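Colleague: Here is a sequence with its predicted model. Questions after.
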Amino acid sequence: MRVHTVGEVARLSGLSVRALRHYDEIGLLKPLTVGENGYRYYGPDELLRLQQILLQRELGVPLEEIRRALDAPDFDRLAALEAHRDRLAAEARRYADLVKTLDQTLAALKGDGQMDETAMYKGFDPKKQAEHEAWLVDRYGEGVRAEIDESKARTKAWKQADFDAAQAEVEAIEAEMAQALAAGLPADSQAVGAIVARLHAWVARSWKTPPDANAFAGLAQLYSDNPDFRARYEGRAAGLTEYLSEAMRVFARTHL
């Protein structure tokens, strides 16, 4: 039986060594054995378990839920893989619809065809947006619905290029936060504060007024509590959710 070092598993999976060590610490992925030199070694079963972890992470499942599912006495690896395949196949079909929709729109805009207004929105997922809004109302009460409507109103005039630019910017902010975490920069450091300042400005563009200290700290709590946000951040880097939330709370106390 061939075993792999933590560095080899990192290269195979695309995860960082830091993430694999974190998975070990939280009981999500224990190595097959640890040598006298302290090196972790992983066998075939551990690689298969890691595949399950990455599949579920791709589907937005929080790490703790993944651990509980994999450790359950009735966990069936074959059934889990079949379920993952079915779900990914459904997503693949949805993305294929989105690509077709964009191709038709691009052709129309270039003068190569007519815009089909009935197909302009095929493939988009209004159900997921509705779920996010319902979660906010359930968590914060009916009063938040007015804020949701206000945010929609402020972005109603945005063009696709505006949405694309906003998405690219927040992804760059998240990537820099992940790099800061990997570099061991404290959440209250000046460098991290500069990244969070960009996040505050990014949020302010879709709010009626820029978030004050209480609102920004509340947003930090929302990021930590909401499973979709948590899955997004943990998918980028293990521990990023709490790191970002703490940095936002520090920024709220010291700059707002």
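Modeller: Perfect, I can see it now.

Colleague: For the stretch 1-150 of the chain, give me the ranges with low pLDDT.
Modeller: In the predicted model, the stretch 1-150 of the chain carries pLDDT under 70 at residues 95, 97-106, 108-150.

Colleague: quick one: the strands in it?
Modeller: Taking DSSP state E, counting those that start in this stretch as the criterion, the stretch 1-150 of the chain contains strands spanning 4-5, 33-34, 40-42.

Colleague: just so I know, which of those strands lies nearest residue 22?
Modeller: strand 40-42 (12.1 Å; C-beta to C-beta). For glycine as for every other residue, the C-beta is placed from the backbone atoms N, C-alpha and C.

Colleague: For that closest one, enumerate the helices and strands it packs against.
Modeller: Helices and strands touching strand 40-42, by 3 or more C-beta pairs under 8 Å, 6 or more residues apart in numbering; DSSP states H and E, are strand 4-5, helix 6-13, helix 17-25, strand 33-34.

Colleague: now the ones you listed as CSV including mean neighbour count and distance to residue 224?
Modeller: As requested, the helices and strands packed on strand 40-42 are arranged in CSV below (neighbours: other C-beta atoms under 10 Å; distance: least, C-beta to C-beta, whole Å):
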stretch, mean neighbour count, distance to residue 224
strand 4-5, 18, 34
helix 6-13, 15, 26
helix 17-25, 17, 17
strand 33-34, 12, 32
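
Colleague: Make TSV from the strands of the stretch 1-150 of the chain and add distance to residue 173 to it.
Modeller: Output for those, formatted as TSV (distance: least, C-beta to C-beta, whole Å):
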stretch	distance to residue 173
strand 4-5	33
strand 33-34	37
strand 40-42	32
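
Colleague: Next, count neighbours for residue 169.
Modeller: Residues within reach of residue 169, counting by other C-beta atoms under 10 Å, total 15.

Colleague: Please look at it and residue 201 and confirm they touch.
Modeller: No. If you go by C-beta atoms under 8 Å, residue 169 and residue 201 don't touch, sitting 9.4 Å apart.

Colleague: list the residues that contact both of the two?
Modeller: Overlap of the contact sets of residue 169 and residue 201 (by C-beta atoms under 8 Å, 6 or more residues apart in numbering) is empty.

Colleague: need the contact list for residue 39.
Modeller: Going by C-beta under 8 Å, 6+ apart, residue 39 touches 5-6.

Colleague: From residue 202, how far off is it?
Modeller: Taking C-beta to C-beta, to the nearest Å as the measure, residue 39 falls 42 Å from residue 202.
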